[in-house]
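Engineer: next input, structure requested:
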Amino acid sequence: MPESEIRTYGNWRKPSSPGIGRLGLGGTMVLLGGMAVVSLTFMASRALGVLLGIIMLLILAPLQVRDQHGRNGLQWLGSRMAWFRGLTLGQHLYRAGPIGLLPNGGCSPPGLLAGVTLHEAVDGYGAPFALVVHPATGHYSVVLSCTADGASLVDQAQVDVWVAYWGQWLASLAYEPRLVAAAATIEAAPDTGERLRREVIGNINSLAPEIARDVLADVMREYPVGSAEITTWVTLTYAAEGKHNEQRTPGQIGDEIGLRLPGIIDGLIMTGAGPAEPATVGELVEMVRTAYDPSVSADVGFSRETSVDWENAGPIGAVEAWDHYRHDGAHSVTWTMTEAPRGEVFSGVLTRLVAPHPDIVRKRVTLVYRPHSPGDSARLVERDRKDALYKAQQSRLGQARDSVELSAASQSAREEAVGAGLVRFALLLTATVLDGDDMPKAGAAVDNLAATARIRLRRAYGAQAMAFAAALPLGLVLGDHLRVPRKVRRRR
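Structural biologist: Residues are numbered from 1 along each chain as shown. Model (predicted):
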């Protein structure tokens, strides 16, 4: 590639749904079915037919109203009703510890993490790693701790190579047996200096001069001040059931995943993720404990041995509000991405979004990927192309956005035909502060960072506790925890 040519990336698009106007496929089916019922009823009784017609219009009216994030009125009403129901039942409150409501008197993680358990397995090299078990969905997750290479003082050609290998690694996940989802989490927090202290103490020579030891002591004391620590995790989530619905025990799943982990880790080397190794049970416990109570980060220190177990990794108390989440001595707000960058972007479009920020104590950005199988990819891109063509032909004059959607859908179909993978992705961002009065500043900072990343973020209103847990590198797949089936949500 010539040095003057700068590589750009894009062609992200939401799957389209055929239908009349903004109704989508589900609303269109309701409209056509309702018209048939009203017509038959009108033949028998005009008054009853008019009444049914009015009821049908009242049902379809919320589907026609959509906000800037693409949510219709029915979704808005449903989220409000679910929130007030949980508020009435006290589901927004969590109390643990000796005076809490848990039978064992512990402080286990709340919400969707309440039933999660950790098991220890062994990989192909004999090293232990943590296997996260999600009984509610039958999923098993393994977390990889990465030491990502920074982009500072790196040639753009090398960055393009990293991006290409990352795309290839994501495409290869479609061939990974039983894989449900993958996630990459980047967490920025103040550096406690524990890693530097551990490294220095582990390499001090007892015969070194006293002045050298004094210099190293000053380095351990002064260097971490004002610096930030960036931690990277890659999470892989597998399903326990196979094609024939056979059930497997955690030990069997752990043995199977452990044998494939070395190959998966080798594929991450050229992506810029740096050296990666499976996270142990102690590391995951410390990560969750620090996420719910950032004030203990200096005590936890991400050590290899920990005295905290999973039953005490959660907060003592937590309160979920409509627009934020309070846990122990911290306040967090979680956003979800509702629109990917339009047009073409450069490889560093998310650099400022994941970088440390002075107004945010801890910032966690999680990219969730759900790869499609090769067969599903071919079927989906062809369906999206036909849906985009249908929408473009609905208007006599035609709209520029419909033409762009049709062009993007056609390009995706061509790329899939030559071997490219198809991956669904989402983004979660959690900002944590220690003082509730700092939340407006953190919110303003996130709004500015979203603008630089050319993405549209929406606060997870009424679901802050769930979104906070999903942003943690533990392998939660939110789509499988919802009551509305996935097929219905896709075709709304």
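
Engineer: do a quick rundown of the strands in the chain.
Structural biologist: For the chain, the strands defined by DSSP state E cover 93-95, 117-122, 128-134, 139-146, 179-190, 228-239, 276-278, 317-320, 325-327, 330-339, 362-371, 423-433, 456-459.

Engineer: out of these, flag the one nearest residue 210.
Structural biologist: Nearest to residue 210 among the strands of the chain is strand 228-239; the distance by C-beta to C-beta comes to 30.1 Å. Placement of C-beta: from N, CA and C, glycine included.

Engineer: phi and psi next, for the residue nearest to residue 79 when sequence neighbours are not counted.
Structural biologist: Beyond its immediate neighbours in the sequence, the residue positioned closest to residue 79 (C-beta to C-beta, 6 or more residues apart in numbering) is residue 462, lying 5.1 Å away. Backbone geometry at residue 462, expressed as degrees, to the nearest 10, gives phi 80, psi 0.

Engineer: residue 462 and residue 324 touch, don't they?
Structural biologist: No. Under the criterion of C-beta atoms under 8 Å, residue 462 makes no contact with residue 324, lying 11.3 Å away.

Engineer: so what sits opposite residue 332 in the bridge?
Structural biologist: Per DSSP bridges, residues listed as beta-bridge partners of residue 332: residue 325, residue 432.

Engineer: residue 200: which of the strands of the chain is closest?
Structural biologist: Among those, strand 228-239 sits nearest to residue 200 (C-beta to C-beta), with 15.8 Å.

Engineer: show me which residues of that closest one are buried.
Structural biologist: Of the residues in strand 228-239, 229, 230, 231, 232, 233, 234, 235, 236, 237, 238, 239 count as buried by neighbour count, 16 or more other C-beta atoms under 10 Å.

Engineer: mind checking pLDDT for the fourth one?
Structural biologist: With respect to pLDDT, residue 232 has a value of 94.

Engineer: wait, it sits on residue 149?
Structural biologist: No. Counting by C-beta under 8 Å, residue 232 sits too far from residue 149 to count as a contact (9.9 Å).

Engineer: please report phi then psi for residue 107.
Structural biologist: Summarising the backbone geometry of residue 107 under the convention degrees, to the nearest 10, its torsions are phi -130, psi 60.

Engineer: quick check: the gap between it and residue 444.
Structural biologist: For residue 107, the distance to residue 444 equals 33 Å [C-beta to C-beta, to the nearest Å].

Engineer: and if you look at residue 217?
Structural biologist: When distances are taken as C-beta to C-beta, residue 217 and residue 444 turn out to be 40 Å apart.

Engineer: please apply the same query to residue 128.
Structural biologist: 44 Å.

Engineer: so between those two, which is more surrounded?
Structural biologist: Remark: of residue 128 and residue 444, residue 128 carries more neighbours, 14 against 11, as counted by other C-beta atoms under 10 Å.

Engineer: so who does that one touch?
Structural biologist: The neighbours of residue 128, taking C-beta atoms under 8 Å, 6 or more residues apart in numbering as the test, are 120, 121, 122, 278, 280, 281.

Engineer: wait, isn't the second one in contact with residue 129?
Structural biologist: Okay, so that is residue 121. Yes. Counting by C-beta under 8 Å, residue 121 sits close enough to residue 129 to count as a contact (5.9 Å).

Engineer: how many neighbours does residue 275 have?
Structural biologist: Here the neighbour count serves as a burial measure; for residue 275 (other C-beta under 10 Å) it reads 12.

Engineer: list the contacts of it.
Structural biologist: Listed by C-beta under 8 Å, 6+ apart, the contact set of residue 275 reads 146, 147, 269.

Engineer: measure it to residue 182 for me?
Structural biologist: Following C-beta to C-beta, the distance that separates residue 275 from residue 182 is 19 Å.

Engineer: and residue 119, by the same measure?
Structural biologist: Separation of residue 119 from residue 182 (C-beta to C-beta) stands at 20 Å.

Engineer: neighbour count winner among these two?
Structural biologist: In this view residue 119 and residue 182 are compared by other C-beta under 10 Å, and residue 182 has more residues nearby, 23 against 16.

Engineer: do you know how far the closest residue to that one other than its chain neighbours is from residue 167?
Structural biologist: Computed as C-beta to C-beta, 6+ apart, the closest residue to residue 182 that is not its neighbour in sequence is residue 369, at 4.7 Å. Remark: distance between residue 369 and residue 167 (C-beta to C-beta) = 11 Å.

Engineer: what of residue 324?
Structural biologist: Residue 324 is 35 Å from residue 167, by C-beta to C-beta.

Engineer: these two: which is more packed in?
Structural biologist: For residue 324 against residue 167, the residue with the higher neighbour count under other C-beta under 10 Å is residue 324, and the figures read 22 against 15.

Engineer: report the contact partners of that one.
Structural biologist: When contacts are counted by C-beta under 8 Å, 6+ apart, residue 324 touches 331, 332, 333, 439, 464.

Engineer: nearest to residue 474 among these?
Structural biologist: In terms of C-beta to C-beta, no member of the contacts of residue 324 lies closer to residue 474 than residue 332, at 15.7 Å.

Engineer: what's the neighbour count on the closest one?
Structural biologist: The number of residues near residue 332, taken as other C-beta under 10 Å, comes to 26.

Engineer: ok, it - contacts?
Structural biologist: Residue 332 sits next to 324, 325, 326, 430, 431, 432, 433, 464, 468 when contact means C-beta under 8 Å, 6+ apart.

Engineer: next one, pLDDT for the first one please.
Structural biologist: Spelled out, it's residue 324. According to the prediction, residue 324 has pLDDT 95.

Engineer: excluding chain neighbours, what is closest to it?
Structural biologist: In space, residue 324 comes closest to residue 333 once its chain neighbours are excluded; the distance is 4.9 Å by C-beta to C-beta, 6+ apart.

Engineer: distance of the one you found relative to residue 443?
Structural biologist: Relative to residue 443, and taking C-beta to C-beta, residue 333 is found at 6 Å.

Engineer: now do residue 126
Structural biologist: From residue 126 over to residue 443 the distance is 47 Å, taken as C-beta to C-beta.

Engineer: okay, the two: which has more neighbours?
Structural biologist: Comparing residue 126 with residue 443 by other C-beta under 10 Å, the one with more neighbours is residue 443, at 19 against 7.

Engineer: where does pLDDT dip in the stretch 301-450 of the chain?
Structural biologist: Counting by pLDDT under 70, the stretch 301-450 of the chain shows low-confidence ranges at 301-307, 394-401.

Engineer: surely residue 136 touches residue 482?
Structural biologist: No. Between residue 136 and residue 482 there is no contact, the gap being 11.7 Å when judged by C-beta under 8 Å.

Engineer: mind listing the helices in the stretch 201-350 of the chain by residue range?
Structural biologist: Counting by DSSP state H, counting those that start in this stretch, residue ranges of the helices within the stretch 201-350 of the chain are 210-222, 250-268, 281-292, 297-300.

Engineer: distance from the chain centre to the first one, please.
Structural biologist: Chain-centre distance of helix 210-222: 41 Å, with C-alpha atoms, centre = their mean, to the nearest Å.

Engineer: got the domain ranges for this protein?
Structural biologist: The record's domain split for the chain, according to automatic domain parsing, is 1-91, 93-191+226-372+421-490.
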